[in-house]
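**Q** I'll drop the sequence and a predicted model, then ask my questions.
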Amino acid sequence: MKIYLSTFYSSDLKRSAKRFKEQAENMKIYDKIFLFEQSDLNDDFKKYVKSLLEIGKIKGYGYWVWQTYFHKKVLAQLNDGDIYHWCDVGCHFNLNGKKRLLEYIEMLKEEPTGFLGFQYKNLEENNNFSYPNYMEYEYTKSDLIKFFGLKNDDPIIRSPQVWGGSFFVKKCKRSLEIMNEHYEITKNRFDLIDDDEEKFLHKSIPEFIQHRHSQSVLSIIVKKAESKLLSAYESEWAIDNQGNRTYDHLEFFPIIAKRDKQRNIVKRFWDRQKKNFSRRKNKFMGLFKK
C-alpha cells in the first residue's frame with residue numbers, strides 16, 4: 001500500500017505550494033506528492049475552465065471544477081488498496097498531529113466505501129470551544145437536491161455539509177464509483193455547480209445562504225454512500241469563549257485549514273490596493289449616510 005498526496009495551485013501561489021510540500025514531506029508518510037497547476041489540465045479541461053472564466057466564473061478558478069480532473073488523474077495511477085489524500089494548498093501540516101494522520105489511514109483500510117471525509121459537525125473530544133454547523137440545506141441549492149432525488153426534509157439535507165478541502169480515498173471499486181460520479185457532474189452539469197440565483201430552476205429552501213459548488217455535489221454523494229465522516233473541526237477553526245476564531249483546539253491534529261495562500265509580490269500589492277480602495281469607498285459612502 002502506498003500513500004499519495006495531491007493539491008492544486010495557481011501560478012501566483014508558488015510560495016504556498018513550496019511551503020505545502022515542505023510541510024507534507026516532514027510528515028514522512030506520503031510516498032509521492034503531486035503539486036498540480038493549470039498546465040497539468042488536459043486540453044479538454046483547459047477549454048472547459050477557460051469557457052467558465054470568460055463568462056465571469058472566476059471564483060475558485062472556475063468554481064473548482066478542475067478538482068475532479070486531478071482526482072481522476074491520480075487515482076488512475078494507483079493500485080487497488082493505495083490511498084489518495086486530496087488537500088487544499090492553503091492548509092498547513094502539523095507534525096504534532098502525525099499520530100492522528102496515521103489513524104486516518106487505519107480507519108480508511110477498514111472503510112467499505114473507501115472514502116474518509118470531514119463533516120461540519122461538532123468535535124466531541126473538546127467541549128471548550130463551539131463549532132458552526134454548516135447545514136446542507138444552507139449551502140446546497142434546490143436544483144442539486146432534486147437532481148439527487150432528495151427532498152428538503154431528507155436526513156441528508158438536514159445534516160451538516162461535508163468539507164471538500166481535505167479527504168482520503170482508498171482505491172477500490174466503490175470509491176471509484178463515488179469519485180467518478182463527482183467527476184461526471186462537475187464536468188458535464190455546470191448548471192448544478194453554478195450559483196447564479198437567476199438560473200435556479202427551483203425555489204430555494206428558506207434557510208438557504210449560498211451554494212458551495214463542487215463541494216455541495218461531493219457532500220451529497222458521500223453522505224448517500226454512507227461513507228465515514230469525522231468532524232471538519234479536526235482541521236477548521238473553532239470559536240473560543242470570547243467569541244473569537246481560533247485554531248487552539250488543533251494542537252494534535254494533522255491538517256490545519258488556515259487557507260494561507262501566499263501570493264507573489266505583484267498579486268499581494270494589487271490585493272492590498274483593492275482592499276484600500278474598498279475601505280476608502282465605504283468611508284466615502286458613509287459620509288452620505290450621516
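**A** It's in.
**Q** report the contact partners of Leu116.
**A** Taking C-beta atoms under 8 Å, 6 or more residues apart in numbering, we find Leu116 in contact with Tyr104, Met107, Leu108, Phe167, Phe168, Val169, Lys170, Ser227, Lys228, Leu229, Leu230. All C-beta spots, glycine's among them, are computed from the backbone N, C-alpha and C.
**Q** if we go to 6 Å?
**A** Met107, Leu108, Phe168, Lys228 (C-beta atoms under 6 Å, 6 or more residues apart in numbering).
**Q** nearest residue to it other than its sequence neighbours?
**A** What sits nearest to Leu116 in space, not counting adjacent residues and going by C-beta to C-beta, 6 or more residues apart in numbering, is Phe168, at 4.3 Å.
**Q** doesn't that neighbour lie inside a strand?
**A** Yes. Counting by DSSP: H, G, I helix; E, B strand; the rest coil, Phe168 is located in a strand.
**Q** so what pLDDT did it get?
**A** At Phe168, the model reports a pLDDT of 98.
**Q** ok, Tyr61 next?
**A** The model's pLDDT for Tyr61 equals 89.
**Q** how much space is there between it and Phe36?
**A** 11 Å (C-beta to C-beta, to the nearest Å).
**Q** can you show me the helices along the stretch 51-200 of the chain?
**A** Here the stretch 51-200 of the chain has its helices, by DSSP state H, counting those that start in this stretch, at 60-63, 67-75, 98-109, 136-139, 142-147, 173-188.
**Q** between the ones you listed, which gets nearest to Lys28?
**A** Nearest of these to Lys28, taken as C-beta to C-beta: helix 98-109 at 7.9 Å.
**Q** the residue nearest to Leu116 against Tyr84, yeah?
**A** No. Using C-beta atoms under 6 Å, Phe168 is not in contact with Tyr84; the gap is 7.1 Å.
**Q** give me the contacts around stretch 17-33.
**A** Contacts of stretch 17-33 (C-beta under 6 Å, 6+ apart): Lys2, Ile3, Tyr4, Leu5, Tyr9, Leu35, Val89, Phe93, Leu95, Lys98.
**Q** what's the answer for stretch 158-175, then?
**A** Contacts of stretch 158-175 (C-beta under 6 Å, 6+ apart): 75, 78, 80, 82-88, 104, 108, 113-121, 133-136, 139, 215, 218-219, 222, 232, 255, 257.
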